[in-house]
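Novice: Have a look; sequence and predicted model below, questions after that.
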Amino acid sequence: MHRTVIHIVPSEKATLQIDAENKLQFIVDRSASKSEIKREVERLFETPVRNVRTMITFKGEKKAIVELEQEGKAKEIGTSLGIL
């Protein structure tokens, strides 16, 4: 089994989205579907996911922007991972 979520994106824009929009950004496996990403994030962080958007970056990596259901949960996760 491959890892769906590879790592969190620690950029300034990603941290602004954590605070303002309750969203986390991850680099994910290129073959992962939105539903696989959603399940993996829900399993890893034990929190429901509202929405998943994906895009391919200029470096050829697949980035997922994950919006969480619980208000403030992205900030809590970002703090525990050390990016805030």
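Specialist: Okay, I see it. Numbering: from 1, shown residues only.

Novice: So what's the residue count around residue 27?
Specialist: 16 (other Cβ atoms under 10 Å). Heads up, the C-betas are built off the backbone N, CA and C, glycines and all.

Novice: Helix, strand, or coil at it?
Specialist: What DSSP: H, G, I helix; E, B strand; the rest coil gives for residue 27 is strand.

Novice: what's the lengthiest helix in the chain packed up against?
Specialist: As assigned by DSSP state H, the longest helix anywhere in the chain is helix 34-45. Helix 34-45 is packed against strand 5-8, strand 23-28, strand 49-56, strand 62-68, with contacts defined by 3 or more Cβ pairs under 8 Å, 6 or more residues apart in numbering; DSSP states H and E.

Novice: Including distance to residue 40 and mean pLDDT, could those go into TSV?
Specialist: Formatted as TSV, the helices and strands packed on helix 34-45 follow (distance: least, Cβ to Cβ, whole Å; pLDDT from 0 to 100):
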stretch	distance to residue 40	mean pLDDT
strand 5-8	5	92
strand 23-28	8	96
strand 49-56	10	97
strand 62-68	10	97
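
Novice: where does the chain dip in pLDDT?
Specialist: Confidence mapping of the chain against pLDDT under 70 gives the ranges 1-2.

Novice: Then residue 16 would be within a helix, right?
Specialist: Yes. Applying three-state DSSP, one finds residue 16 inside a helix.
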